[in-house]
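J.: Quick one, structure for this:
(chains A and B)
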Amino acid sequence: MLKRLALVLLVAWAAAGFLQEVNQAVAGYDDRAPQRGSWAWRFGTAETEDLTRCLEAAQRLMPAGSTVAFTSEDHPEIQFARWRWAAYLLPAYDVIPVSDPATGTLAQYAIAYRTKIDHPRAELMSILPHGWLYRVKPQ
Amino acid sequence: MNGTALLVAAAVPALLALLGSRLAAGLAAPGDGALYRATVYVLGGAVVLHILLTLLDFARIPWHPLLLVLLGLALYVLAGRFLPRGPERPGLPSDLGWGDGIALFALAVFLLIALTGWITFNDFIFHWGIKGERFHTARGTDYTYLARGWNWVLHPDYPNLLPEIYAVTALLTGRFEMPAMMLQSGAFFALLLAAAREGLRQGGADRFTRQTGLALIALAIGAFGIGYMTAGGADWLLALALTAAVPPLLRPPDRVGDFQIGVIAAFAAAAKVEGVPLAAFLVLVQWARHLLGERRPALREAIHAALRTGLPAAAVVLPWLGRTIHHHLFLALNSGPFTLSRAPGILAAVLETLQTAAWHGFLWAMFLPPLLLLHRRTRPFAIVATLQLLFYFYVYFTSASADQIRVFVLSNFARLGFQVIPAILVTALVAWRSGWNEKGRGAALSTAPEDPASAQRGVLITTALL
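T.: Predicted coordinates:
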């Protein structure tokens, strides 16, 4: 009998935990519009939606398979997350962080998100939503 | 995303199950329930798909959707022609209860939230999803892409089953869309619950324990799956694999159990790098059960058992090792000297992680396997789970990326728990409800068979066991 009671209590505890997580998830989804830190970025948040719009505009101007340098004016940890999101959103391209040593030799295009690039080899191609697209001149 | 694409995505696990069902003669034990059979068939189908895609990669043949469908069809027909048929199909479970209802509810809620993308795992963006997208675009495993210096963040050395499933889903639906991939996590959750249900049934748990146990596992795993944002990650596959391994590990070793463990081990090895040691532990423990059993096998029989359990995993691991070494994909970060001085940091970080909110205390269950060693029937599973736990800690002591140990442990220990906890809960319930001093053999015989035909088979199994 005690074992049965313990099991029922465990299930009740798990049910309470489950409902709490569901409640938090639903409330978070309803409140997804405000800007948040990089580890809170999810599909549908303002940060990722802005980046999606920027990259959708950029990929209309770059041939698939190009190597694209990516930068944003963020704290390094956020830069990393933003770069990974950019890579996910541009699967047909090789997306390199601007700081990578390979950028100088491989990058054909550069996307600057919420920042500009001022470099002699970066030639402005287009103004994007929340960013700028550059053609990288050969060395 | 339109409904048709979601339906096609949902058909992927069903197609894998169809493909795997052709291995029924090896994969279905007479006493296995219908839902569990479907689970091992999906795992078997996934392993066949993985090997097929690997062969296409070796031959440099692109993964065209029509080619995949034709090859799948050809394999299905040929297997039907040349492989022996499995045992009689059991009916669907007739003993459904409130625990099944709660489990279905938890699954449906998880799936609905997952489809929105709101609980998508960060690593789906950072590597699993992008690999799937890339393989879909490249119509093959894009080793050139994986080998790029900046792509170390993708874990290029990991096995690729999950991205392959994503790529195949995208090829069949026509484009890579996040909800279709999240649907696969729901499918893995459903299969995990089916395996947990069977583990409790074959473990001889009474009806009340089966229902409460299934509800408990569904709610605890559902809560973690939602709260920790796990949809789209590969940890589901390992949790599924270990849970599916419970029924054959609870039974005395037999031919079908060997095949089941072999396929489950191959599935784990194809899913994630932690799955490779898990596969090794599963294979070794199952083989050792033959060698150390009451009826010592002859050399020939022992070799056959080793082949049944080990070959499927070898067929997955060897090509993976070959391609990873050939393309220089192994990361130096994954290895390093054993650094005992990390122990206090590891202990502190593990204690901190045990308070992970989304687990609601259930993460402590991760430490049950050593206790389960005391129970005869759960001992084989407990050895596998304990070895897997030791492997996790070995990595903490050796991995170069664990030099900032607190951050490292906090970033993954709760997820590692997710890989083992569903199966641990099943076996713990089996041990707890049957009493710690239970002698083990034959306990499953108290299990109510699912249909009259299986009742007859149950008598045969009983006779064989006794």
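J.: Could you list every helix and strand in contact with the helix or strand encompassing B:Leu7?
T.: When secondary structure is defined using DSSP states H and E, the element that contains B:Leu7 is helix B:3-21. Secondary-structure packing of helix B:3-21 (3 or more CB pairs under 8 Å, 6 or more residues apart in numbering or on different chains; DSSP states H and E): helix B:34-58, helix B:65-82, helix B:161-173, helix B:178-202. For glycine as for every other residue, the C-beta is placed from the backbone atoms N, C-alpha and C.
J.: Show the pLDDT at residue 25.
T.: Assuming you mean chain A. Confidence per residue is given as pLDDT, and for A:Ala25 that number is 94.
J.: meant chain B, my bad for not saying
T.: We note a pLDDT of 90 for B:Ala25 in this prediction.
J.: And the helices and strands packed on helix B:3-21: which comes nearest A:Asp118?
T.: Closest to A:Asp118 of the helices and strands packed on helix B:3-21, according to CB to CB: helix B:178-202, at 35.6 Å.
J.: my guess is B:Ala348 contacts B:Phe413, does it?
T.: No: the pair B:Ala348 / B:Phe413 is not scored as a contact, 11.7 Å apart, by CB atoms under 8 Å.
J.: Spell out for me which residue occupies the centre of chain A.
T.: Nearest to the mean C-alpha position of chain A, by CA atoms, centre = their mean, lies A:Trp85 at 2.7 Å.
J.: Name the residue of the stretch 101-250 of chain B that lies nearest to chain A.
T.: Checking the stretch 101-250 of chain B residue by residue against chain A with CB to the nearest CB singles out B:Gly117 as nearest, at 3.2 Å.
J.: ok, for B:Trp359, nearest residue in space, not its chain neighbours?
T.: For B:Trp359, the nearest residue in space outside its immediate sequence neighbours is B:Phe224; the separation is 5.6 Å by CB to CB, 6 or more residues apart in numbering or on different chains.
J.: Could you point out which residue ranges in chain B have low pLDDT?
T.: Scanning chain B for pLDDT under 70 picks out the ranges B:1, B:402-403, B:435-466.
J.: so the residue of it positioned farthest from its centre, which of the three states?
T.: Using CA atoms, centre = their mean, the residue of chain B lying farthest from its centre is B:Ser341. It sits 33.5 Å away. Reducing the assignment at B:Ser341 to three states with DSSP: H, G, I helix; E, B strand; the rest coil gives helix.
J.: how close does it sit to B:His304?
T.: Taking CB to CB, to the nearest Å as the criterion, B:Ser341 is separated from B:His304 by 47 Å.
J.: Buried residues, stretch B:101-118. List them.
T.: When burial is assessed from 16 or more other CB atoms under 10 Å in any protein chain shown, stretch B:101-118 yields the following buried residues: B:102-103, B:105-107, B:109-111, B:113-118.
J.: any idea what sits nearest whichever residue of the stretch 251-400 of chain B sits closest to chain A, other than its immediate chain neighbours?
T.: Using CB to the nearest CB, the closest approach of the stretch 251-400 of chain B to chain A is made by B:His360 at 3.4 Å. With CB to CB, 6+ apart as the criterion, B:His360 has its nearest non-adjacent residue at 3.4 Å, and that residue is A:Gly17.
J.: so that neighbour touches B:Ala223, yeah?
T.: Yes: in this structure A:Gly17 lies within contact range of B:Ala223 using CB under 8 Å: 4.4 Å.
J.: These two: which is more packed in?
T.: For A:Gly17 and B:Ala223, the more surrounded residue by other CB atoms under 10 Å in any protein chain shown is B:Ala223, and the numbers stand at 26 against 23.
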